[in-house]
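Colleague: turn this into a structure:
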Amino acid sequence: MRLLLTLLLPLAFISAASAQEAQPKWEDWLAGVRQEALSKGIKPGILDETLTGLQPLERIVKADQNQAEFVETLETYLAKRVSQLRIDNGRKAMAEHGELLRQVADRYGVQPEYIVAIWGMETNYGKFFPKEDAIQALATLAYDPRRSGYFRKQLFAAFEILNMGFISPAEMKSSWAGAMGQPQFMPDSYLESAQDFDGDGHRDIWNNYGDIFASIANYLKKFNWKGEEPWGQEVSLPEGFTAKLATVGTFDESDWRPMRIHSRALPLAEWDRLGVRDVSGAELMKSDRKATLVQPDGETGRAFLTHTNYRAILRYNPANYYAIAVSRLADLVKQ
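Modeller: Alright, predicted model coming up:
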């Protein structure tokens, strides 16, 4: 063992030194970014404004490296994110923006309560407003070697947004991770999904409520949102159900991480035949609509039947806790 360590330790030091040598100086790296951006057609004036004097922010690197890891149950997650205050504020938002939300719903086919629920989850209905300079945050993370490929892609997408004139550099604010505006879109999601709802020539997900709501709705629509179909429901399971569930099998797309813990989709009528009931005790609809069963905290935790719209919410944030929280908040805001 000592001999093995003696051989490996120098190799470790050589590897670390090589990695350090491979990392270019910030100024050289930034010059390379500028040249690549110019080759992609980004206007020189935009690069002058955003890159001149730019420095990496150590606190952003630390935030990325020191993201808290802790065990949270569905109960604790929902208690924090679907609080009575958030429900009340969601109902106020529904009332205040009712007509605009209806217009967005009519155009995109996404119910207002789901738009409001995602808005509430992401930025507490616009009350939490990220204040980082998006280019500086993304450049810092793109320079850091840990996830440089992903953030470099996002940095160039941000340049493209500026190049298209949808927002000015001074107005392009984000979280430390580069998530932008009130829907918290990463730059590539902005390019793919952000909307100019009022036709003023800007896709303003920072300040324009129509653009904010339409962008959230468009994102969901892209992932096969089904009009007035519900997201699903909480259910109770009969005794000894674990053995029955094992025969059902897992979701067909189990390579998609959040769906690995979902069952295969069965018609509601079949779940009813297997003894599954609404959490209230009522029988399920005798319907051909298919649903997957998920127990995020394992076989002793709460159980949910979920439909296509639930999976669209998972595309917004691939975590079952998040999708359940958005769904529950939407239900309660609508009430």
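
Colleague: just the residues contacting the host helix or strand of residue 220, thanks.
Modeller: Taking DSSP states H and E as the definition, residue 220 sits inside helix 209-222. Applying CB atoms under 8 Å, 6 or more residues apart in numbering, the contact partners of helix 209-222 are 97, 100-101, 103-105, 107-110, 114-115, 118-119, 126, 181-183, 185, 189-190, 192-198, 202-205, 309, 312-313, 315-316. C-beta here means a position set from N, CA and C on the backbone, and glycine is covered the same way.

Colleague: from these, list just the buried residues.
Modeller: 97, 100-101, 103-105, 108, 110, 114-115, 118-119, 126, 181-183, 185, 189-190, 193-197, 202-205, 309, 312-313, 315-316 (16 or more other CB atoms under 10 Å).

Colleague: the stretch 151-300 of the chain: helices as residue ranges?
Modeller: 187-193, 209-222, 241-248, 268-273 (DSSP state H, counting those that start in this stretch).

Colleague: by mean pLDDT, show me the worst of these.
Modeller: Note on these: helix 241-248 shows the lowest mean pLDDT, a mean of 93.

Colleague: buried set for that one?
Modeller: So, applying 16+ other CB under 10 Å, buried residues of helix 241-248: 241, 245.

Colleague: kindly report the same for stretch 298-314.
Modeller: For stretch 298-314, by 16+ other CB under 10 Å, it's 302-314.

Colleague: also stretch 74-87?
Modeller: 74, 77-78, 81-82, 86-87.

Colleague: format those residues as a markdown table; extra columns: distance to residue 245 and pLDDT.
Modeller: As requested, the buried residues of stretch 74-87 are arranged in a markdown table below (distance: CB to CB, whole Å; pLDDT from 0 to 100):
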| residue | distance to residue 245 | pLDDT |
| --- | --- | --- |
| 74 | 18 | 96 |
| 77 | 23 | 95 |
| 78 | 23 | 97 |
| 81 | 28 | 96 |
| 82 | 27 | 97 |
| 86 | 33 | 98 |
| 87 | 32 | 98 |
